[in-house]
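A.B. asks: Please work out how this folds:
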Amino acid sequence: MTGAASKYSCLFLDFLITIPPNQRQRMLQKPSCAFFIYRMLPPIAQQVTIQLIWKGSFPQADDVEVTRQIEDQVKLLEELGVVHRQSDGKLAIDHDYKRSYMYAAMLGAASISSLVLETNEEKRRGKEVEKKAVERWDCILRYLALPSEENTQAVSETTRNLFKMANFTSGDSRIEITTSGFQFLLLSPVKQMWTYVIEYLKLEMSQGHDIVEVIEPLIQIVLLANRGYKAEKECYQIDPSWTGPQQELLNHLRELGVIFIRKRKDGVFFLTQLLTHLATNETIDDTSAEKVSNGKVIVETNFRVYAYTSSLLQLAIIALFTEMTYRFQDMSVGMITRESVRGALQHGITAAQIISFLRANAHPQCIATSGPVNCLPITVADQIRLWEDERRRMDLKDSYIYSNFESDEEFNGVCDYAKERKILLWADYQRKLVIVNEEGHEYVRQWYKQQKSKGGSDGR
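C.D. replies: Coordinates of the predicted model:
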């Protein structure tokens, strides 16, 4: 979310499967990584893992559907290297993972971190930290939603390269958002940030950096988010012995807004509330995700949209599928129309993404009155889906049509050959018309030449 579909509905786990086995094994040996992997596992996979750690086996289910679900989760654990299948077919927990997880479970998430807590001096933290953190993240989203020279300069070169490698943007001198970029903008904040972080890790791997060195401090920082609001008032040392990629990771987390560094010479960083996005599995329902700041949207049954926000970023995202008609200081009005939705669909945005976005950013009063689902009128949601279905009624393919046959024998010869090669799309025996797919045109030409050379039926 983006981009690409997640195989196991968790971008972090999907990424771990792709890294080399020796590096993944090194991660299983680290308590913080082992503990975090467990937290990101689906519930059934967590149960299987606990059963194998403490009992060495897990009970078989009687229900066929439950058995199938367990098998799917076991496959995930095997691909992660958390469990191994022995020669007798039984499953066993990985020894490194078991030792690391039990160590982390006994000490707790915060205690297994190598980060050093310092005495907090309020002046080192600065004012309006949370506001500045949100502004940093908004700069990244504005770079996608509102391409301009000013917004380009507001993000780092790493971010620009990351979006280009992720196929969110295209072009060099003039940046343009792609279909994947549009889809990214409509994701929930949790999915957006996880997508960004995974793409950053892929970028680090492409540059030949030791990915374990980058993931370990990232996980240790994310685990601190569980300490609650108190952790946001604490500061942690920036270890001068960190490697170049680790220092770069810290700068990148600062750009994301999940940590705050007032001045590098202070040698400390603070956590922000945005860090909770990375502490959350992105598989949570979009309607329960934290609402985008200043994003309060009301949709009426007549398809009119009221956006109570002054954020140009939020208005730009809403304008992806809405015809904006009025703009005031703190409120804008638009209409969801067939043309506006079809325009979004042509950019690769789906009806489900539009509906999910409107529900996730619904006005609190709409949610209080109608609930997290019906806050978007059912008639509007159904109509958006119907507009999407309209585009699926026809499947356009390049093809070739043959006509003006000189004889029935020639026509029947082409039809029979096209059927035999399975390249025939349609044939009209009354008007003597034959249509073949694009790949089949060359076959028909070669067949026709062979027939001519044999002195067979002529045609064109």
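
A.B. asks: So which residues of the stretch 101-250 of the chain form helices?
C.D. replies: 122-125, 129-145, 149-153, 157-165, 179-185, 189-206, 211-223, 229-232, 244-256 (DSSP state H, counting those that start in this stretch).

A.B. asks: For residue 313, which of the ones you listed is the nearest?
C.D. replies: helix 129-145 (5.1 Å; CB to CB). Glycine gets a C-beta too; all of them are placed from N, C-alpha and C.

A.B. asks: Quick check: which of the helices of the stretch 101-250 of the chain is nearest to residue 415?
C.D. replies: Across these (criterion: CB to CB), the nearest stretch is helix 179-185, sitting at 39.2 Å.

A.B. asks: now the end-to-end length of stretch 341-351.
C.D. replies: Counting by CA to CA, to the nearest Å, you get 8 Å between the two ends of stretch 341-351.

A.B. asks: which residues sit against that stretch?
C.D. replies: Counting contacts by CB atoms under 8 Å, 6 or more residues apart in numbering, the residues outside stretch 341-351 that touch it are 179-180, 182-183, 186, 320-321, 354, 384-385, 387-388, 390-391.

A.B. asks: one more time with 7 Å, if that's ok
C.D. replies: Stretch 341-351 is contacted by residues 179, 182-183, 186, 320-321, 354, 384-385, 387-388, 391 when judged by CB atoms under 7 Å, 6 or more residues apart in numbering.

A.B. asks: Most widely separated two among those residues?
C.D. replies: The most widely separated members of these, counting by CB to CB, are 179 and 385 (19.5 Å).

A.B. asks: related to what we said a few turns ago, give me the buried entries from the contacts of stretch 341-351.
C.D. replies: Those of the contacts of stretch 341-351 that meet the buried threshold are 182-183, 186, 320-321, 354, 384-385, 387-388, by 16 or more other CB atoms under 10 Å.

A.B. asks: Need the nearest residue in space to residue 17, chain neighbours excluded.
C.D. replies: Sequence neighbours aside, residue 79 is the residue nearest to residue 17 in space, at 4.9 Å (criterion: CB to CB, 6 or more residues apart in numbering).

A.B. asks: Can you report how many residues lie near residue 42?
C.D. replies: 18 (other CB atoms under 10 Å).

A.B. asks: Please tell me how far the closest residue in space to it that isn't next to it in sequence sits from residue 100.
C.D. replies: Spatial nearest neighbour of residue 42, chain neighbours left out: residue 73 (6.1 Å); criterion: CB to CB, 6+ apart. Distance, residue 73 to residue 100, using CB to CB, to the nearest Å: 20 Å.

A.B. asks: by contact count, what packs against whichever strand or helix holds the residue nearest to residue 42?
C.D. replies: In the assignment (DSSP states H and E), residue 73 maps to helix 64-80. Applying 3 or more CB pairs under 7 Å, 6 or more residues apart in numbering; DSSP states H and E, one finds that helix 64-80 contacts helix 11-18, helix 43-54, strand 83-85.

A.B. asks: out of these, which comes closest to residue 444?
C.D. replies: Closest of these to residue 444 is helix 11-18, at 43.4 Å (criterion: CB to CB).

A.B. asks: Now do the closest one and helix 211-223, the angle between them.
C.D. replies: 160 degrees (axes from the mean of the first three to the mean of the last three CA atoms, to 10 degrees).

A.B. asks: now the angle between helix 189-206 and the following helix or strand past helix 11-18, please.
C.D. replies: Using DSSP H and E, the next helix or strand after helix 11-18 towards the C-terminus is helix 21-28. Counting by the same axes, to 10 degrees, helix 21-28 lies at 130 degrees to helix 189-206.

A.B. asks: Figure out how far whichever helix or strand comes after helix 21-28 is from the centre of its chain.
C.D. replies: Using DSSP H and E, the helix or strand that follows helix 21-28 in sequence is helix 31-40. On the basis of CA atoms, centre = their mean, to the nearest Å, helix 31-40 sits 21 Å off its chain's mean C-alpha point.

A.B. asks: Kindly report the same for stretch 216-223.
C.D. replies: 21 Å.

A.B. asks: quick one: which helix or strand includes residue 368?
C.D. replies: helix 364-374.

A.B. asks: Can you pull out the low-pLDDT segments for the stretch 151-300 of the chain?
C.D. replies: 226-233, 282-295 (pLDDT under 70).

A.B. asks: circling back to that earlier point, between the contacts of stretch 341-351, which is closest to residue 152?
C.D. replies: residue 182 (18.1 Å).

A.B. asks: and that closest one, what does it touch?
C.D. replies: Contacts of residue 182 by CB under 7 Å, 6+ apart are 320, 347-349.

A.B. asks: Which two among those residues are spaced furthest apart?
C.D. replies: Largest separation among the contacts of residue 182 by CB to CB: 320 and 348, giving 10.9 Å.

A.B. asks: Contacts only, for the residue lying closest to residue 24 once chain neighbours are set aside.
C.D. replies: Spatial nearest neighbour of residue 24, chain neighbours left out: residue 81 (5.4 Å); criterion: CB to CB, 6+ apart. Taking CB under 7 Å, 6+ apart, we find residue 81 in contact with 21, 24-25, 28, 94.

A.B. asks: Now do the helices in the stretch 251-400 of the chain.
C.D. replies: With DSSP H, counting those that start in this stretch as the criterion, the stretch 251-400 of the chain has helices spanning 275-278, 312-318, 338-346, 351-360, 364-374, 378-390.
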